[in-house]
Structure formats: C-alpha cells, structure tokens
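Visitor: Show me the folded form of this:
(4 chains)
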Protein chains: 2
Amino acid sequence: MAKAKQFHHGDLKRALLDAALELLDEQGDSGVGIRAVARKAGVSHAAPVNHFKDRRALLTGLAVTLFDDIQARISERLERTSDDPVLRIESVVRCFFEYGANHPHRYALLWRNDVVDHECEAMRIREDAVYDHICDEIDRLVAGRNVDKHTVAIGLWSMMHGYIDLKIVGMFEDRADSTSGEDRPEALLKMFRTIFDHYGL
Amino acid sequence: MAKAKQFHHGDLKRALLDAALELLDEQGDSGVGIRAVARKAGVSHAAPVNHFKDRRALLTGLAVTLFDDIQARISERLERTSDDPVLRIESVVRCFFEYGANHPHRYALLWRNDVVDHECEAMRIREDAVYDHICDEIDRLVAGRNVDKHTVAIGLWSMMHGYIDLKIVGMFEDRADSTSGEDRPEALLKMFRTIFDHYGL
DNA sequence: GCCATAAATTGACAGTGTCAATTTTATTCC
DNA sequence: GGAATAAAATTGACACTGTCAATTTATGGC
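Guide: Predicted structure coming up:
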C-alpha cells in the first residue's frame, strides 16, 4: 500500500507542496507562508515543521519541484527536435521563454537568492541539469574550434534569463514590445544565431 | 534656511532613506522594514508613515534613489568616453556590471516586482532614463540601416541584466567563471560586438 | 498489548505592517 | 505676539507571521 494514507494526513509533504504552488501562482512568493500553506492543506499551523524546518526550506523544496517540472518539459520537447545542436539549443530556450511567460511567479521564485537556498545539493543538481542542456549542445557545437564554450553558454543563458526577467518586471512595456509586429523572443533567437554564424558554427 | 532642521527631526525622509540603504547593503531587502528603518533613524516605529505610506512606498522610494545614483555614475563615465556609439554603449554596460558586482543587494532590489512599484511615475522616469542611455546610442548606430533597433537594444539589455542577476544568484559558480583566466564581462561584451559587426554597424 | 518513534496539535513568544487616537511641533493668519 | 490650523511624530492596539517547546495522537515492531 505504498506510503499513502498512513499517518494523520497521509504524505503531507506532497499536499504542502501542492498548496504552496497554488499560493505561488495566485499571490507570488510573498503569499507562500508556512501558516498559509498549512491552512490551505487543512492542517495545523505548525504541522509543516516536520517536513520543512524553515520557510526557506519550504520555498527551496518548492523550487526544486519547479526545476523538475521544467526539466520534464525540456526533455519532452527535445525528443521532438532533430539532432542539429542549434535547433536543440533553441528548443530549450523556447521552453524557458514559454515557462516564464506562462508562469511568471514560478520563474521568478527560481532565482530568489534570499528565500531559496541555491547552495543545497538538491538545488545544485537541478541547476546543473538544466544548465547542461544548453551547455552540452554548445559543447558539441564548438568542438575542435577555437571558441570558449563557456562564454557562449553564459551569454546565451544571460540573454535568455535577462529577457524573461525584465519582461516580468515590465521593463519592455510601452517601449518596444508592442511596436514591432514580429515575435520578440524569436527575434532574439535569430539575433543570437548571428553569433553562431560569426564563429562558423 | 531651506527646509532642514525645521520639524522634530529635520527632513526625516532623507534620514530614513539613508538608514534604509544601510540595512539594504547589510541584509538585503528583507532587512528593510518600516520598523527597522525607523529604529535605525532613531525615531518611533510609526513615524515613517508621514513620508512613506507603505513599506512598498519606502522600498520604491529607495529604488528611485538607487536609479539616480546609477544615472550619475553613467553620466560621469560617458563624459570620459569618446563619441563612438559602440564604445559609449560598452561604457554604460560596464557601469552596470560594476554596480551589480559591487552592490548586489541594491541591484537586486531594482527588479523586485513585488516590493517595488514599477508603475509609478517616478520609477518610469528613471527606468526610461537608464534605458535610453543604451537605446539612444543604438539608435545612432543603426540609423538608416535595415536593423530593428529595439531587438538589438532589448538583446543587449537582456544579456547585461541576465548576466548580473545570474551571477548574483551564483548560477555560474563552479561552472565557468573561474576556469577561464580572462574577464568574463569583457568576454561577453566582445561577443556582443560580433552582432554589431554582423549588421555592419 | 506495549513501547518507542514519528506526526500533528496547541500554546506561546517576538517580530512585523498598518491603522486610530493623541500629543508635540511648526506655520499661518489676525 | 498669540491663537488657530496644519503637519509631524508618538503611543497603543490589532492581526498576522515564523519559530520554538510542550503535548497529544497515531504508527510500526516486538
């Protein structure tokens, strides 16, 4: 009978993370408090302490599940992408673009240094995983050529993250996003292609 | 006698912002609470309400002063930069790189959508000002050519912000930042130059 | 059935943001 | 100058939060 329905609540950890995700989508990270989550899960205000010692631990646990979700989306899309490294890179970036646009609160939480512990092992593993999706393809791309793959990888990651983050903040509103009829994320990808071209990749 | 030394405290607003900045540098935005700021300014816990109706208003006011500071640094450096648009763009980007590296908590606050009100006029004015520093030069650069200046401007802004933000989070630690002896920010600037080259700018 | 242990509850504490009522200070008007 | 008025700061209270200690409840092994 697995592990469900055993204790008072029956695998409360999952229920807490579900409630936390709902609150995150509704109100952003500030709405994800220990007491609020416990309330939503129908449990006493101090119950979560058995599964998450801190609010920080709770938010970190939530971020871990978000990374796993992103990872699944990326893997699923890469299965439908050809073997061309450039196309695969662009597939990953499009995954992030969509994720940031559809779930701004979730995306923003991932990079909140104060409420999420990026040093813990669980987070590092997930960050490595998503980072490598892009870095590995770039590695294939620049193999043998005299190009620093890390610079390209960091440049691409930076542009991707920066665009999503600034768009969430609203930095590009009333400035450029609406004037041009074309799709801005696609235009950015196209522009970054010129870097690949320049290095003869 | 201007406006100083008139009321109980004598232009408390400035004192509150000074205290807020100190707390921000020490503990990050979570340390900048109304009561903590009031305590540091040596005033009762509800005194700030006369100058900032909200915690959000306090943090927004602080962010405004930070943008003014950045603006001053940029202007000062641009005076010492030649008329070449590319060089001027790179000067601005270097300003942000340095600011983010030297004052991570300040930089992070600027883009916190939940605690800072980016819709208010004071913020929009400052954001426009710093955005235009890069956008104007790009405008000069692409004048007459068949290039969408907004795409280039947004691309550059995104890469700049993304790198600073991810570096603060620690995303590039133990991955690439230490392996290469060369300066990563400069390498990113150099890489972005290939985009200018590609468009014949 | 008993015991040890894990899980959840209850109650308390200090801290927070925000508001209302009050007192203190400064400005304005006569 | 002195009184009236407005602004600024204080005090006290409220609901809320995270965290901890003590307690009660449920589970699995013997």
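Visitor: Which residue is it, in chain A, that comes closest to chain B?
Guide: Each residue of chain A has a distance to chain B, by CB to the nearest CB, and the smallest belongs to A:Gly162, at 2.7 Å. Where you see a C-beta, it was placed from the backbone N, CA and C, and this is true even at glycine.
Visitor: Compute the distance between that residue and DNA strand C, please.
Guide: 29 Å (CB to the nearest atom of the strand, to the nearest Å).
Visitor: ok, now how distant is A:Thr151 from A:Met160?
Guide: With distances taken as CB to CB, to the nearest Å, A:Thr151 is found 15 Å from A:Met160.
Visitor: So for those two, which sits in the more crowded spot?
Guide: Neighbours per residue (other CB atoms under 10 Å in any protein chain shown) separate A:Thr151 from A:Met160, with A:Met160 holding more: 26 against 21.
Visitor: Where does the closest residue to that one other than its chain neighbours fall, secondary structure wise?
Guide: Closest residue to A:Met160 apart from its sequence neighbours, by CB to CB, 6 or more residues apart in numbering or on different chains: A:Val93 at 5.2 Å. Counting by DSSP states H and E, the secondary-structure element that holds A:Val93 is helix A:85-102.
Visitor: go on, A:Tyr107?
Guide: With DSSP H and E as the criterion, the answer for A:Tyr107 is helix A:104-110.
Visitor: Do any residues in that helix lie close to chain B?
Guide: Yes. If you take CB under 8 Å from any CB of the partner chain as the test, helix A:104-110 does meet chain B, through A:Ala108.
Visitor: on contacts alone, who are the packing partners of that helix?
Guide: The contact analysis (3 or more CB pairs under 8 Å, 6 or more residues apart in numbering or on different chains; DSSP states H and E) places helix A:104-110 against helix A:12-27, helix A:55-79, helix A:85-102, helix A:149-169.
Visitor: who's in contact with that helix?
Guide: Around helix A:104-110, the neighbours that count as contacts under CB atoms under 8 Å, 6 or more residues apart in numbering or on different chains are A:21, A:24-25, A:27-29, A:59, A:62-63, A:66-67, A:99-100, A:115-116, A:164-165, A:168, B:113.
Visitor: Can you tell me how far the closest residue to the residue of chain A closest to chain B other than its chain neighbours is from A:Phe196?
Guide: Ranked by CB to CB, 6+ apart and with sequence neighbours excluded, the top spatial neighbour of A:Gly162 is B:Gly162, at 2.7 Å. Applying CB to CB, one obtains 18 Å for the distance of B:Gly162 from A:Phe196.
Visitor: who has more neighbours, these two?
Guide: Between B:Gly162 and A:Phe196, counted using other CB under 10 Å, the more crowded position is B:Gly162 (26 against 19).
Visitor: distance of the more buried one from DNA strand D?
Guide: Distance from B:Gly162 to DNA strand D, by CB to the nearest atom of the strand: 29 Å.
Visitor: Check the contact between that residue and A:Leu156; I expect there is one.
Guide: No. Counting by CB atoms under 8 Å, B:Gly162 stays clear of A:Leu156, with 9.4 Å between them.
Visitor: From B:Arg193, how far off is A:Leu58?
Guide: Separation of A:Leu58 from B:Arg193 (CB to CB): 44 Å.
Visitor: Which phi and psi values does A:Thr194 adopt?
Guide: Summarising the backbone geometry of A:Thr194 under the convention degrees, to the nearest 10, its torsions are phi -60, psi -30.
Visitor: Skip the chain neighbours and tell me the closest residue to it.
Guide: That would be B:His198: by CB to CB, 6+ apart, it lies 4.2 Å from A:Thr194.
Visitor: so what's the one you found up against?
Guide: Contacts of B:His198 (CB under 8 Å, 6+ apart): A:194, A:197-198.
Visitor: For chain A, give me the ranges with low pLDDT.
Guide: In the predicted model of chain A, residues A:1-9, A:176-182 satisfy pLDDT under 70.
Visitor: cutoff 50 now
Guide: A:1-5 (pLDDT under 50).
Visitor: quick one, domains of it?
Guide: Domain assignment of chain A by automatic domain parsing yields the ranges A:7-53, A:58-198.
Visitor: list the contacts for the residue of chain A closest to chain B?
Guide: Contacts for A:Gly162 (CB under 8 Å, 6+ apart) come out as B:157-163, B:165.
Visitor: what about 6 Å?
Guide: Taking CB atoms under 6 Å, 6 or more residues apart in numbering or on different chains as the definition of contact, the neighbours of A:Gly162 are B:158-159, B:161-162.
Visitor: which of those sit farthest apart?
Guide: Distances among the contacts of A:Gly162 were taken as CB to CB; the most separated pair is B:Met159 and B:His161, at 7.6 Å.
Visitor: and those two? which has more neighbours close in?
Guide: B:Met159 (28 against 24).
Visitor: Not counting its neighbours along the chain, what's nearest that one?
Guide: Distances taken as CB to CB, 6+ apart put A:Met159 closest to B:Met159, at 4.2 Å, once the chain neighbours are dropped.
Visitor: give the contact list for that neighbour.
Guide: With contacts defined as CB under 6 Å, 6+ apart, the neighbours of A:Met159 are B:158-159, B:162.
Visitor: one more time with 8 Å
Guide: Going by CB under 8 Å, 6+ apart, A:Met159 touches A:188, A:192, B:155, B:158-159, B:162.
Visitor: how much space between the residue nearest to A:Thr194 and A:Arg184?
Guide: 19 Å.
Visitor: what does A:Val130 give?
Guide: With distances taken as CB to CB, A:Val130 is found 22 Å from A:Arg184.
Visitor: One more: A:Met191?
Guide: 10 Å.
Visitor: any shared contact partners between those two?
Guide: Overlap of the contact sets of A:Met191 and A:Arg184 (by CB under 8 Å, 6+ apart) consists of B:Thr151.
Visitor: Around A:Tyr163, how many other residues sit close by?
Guide: Residues near A:Tyr163, counting by other CB under 10 Å, number 26.
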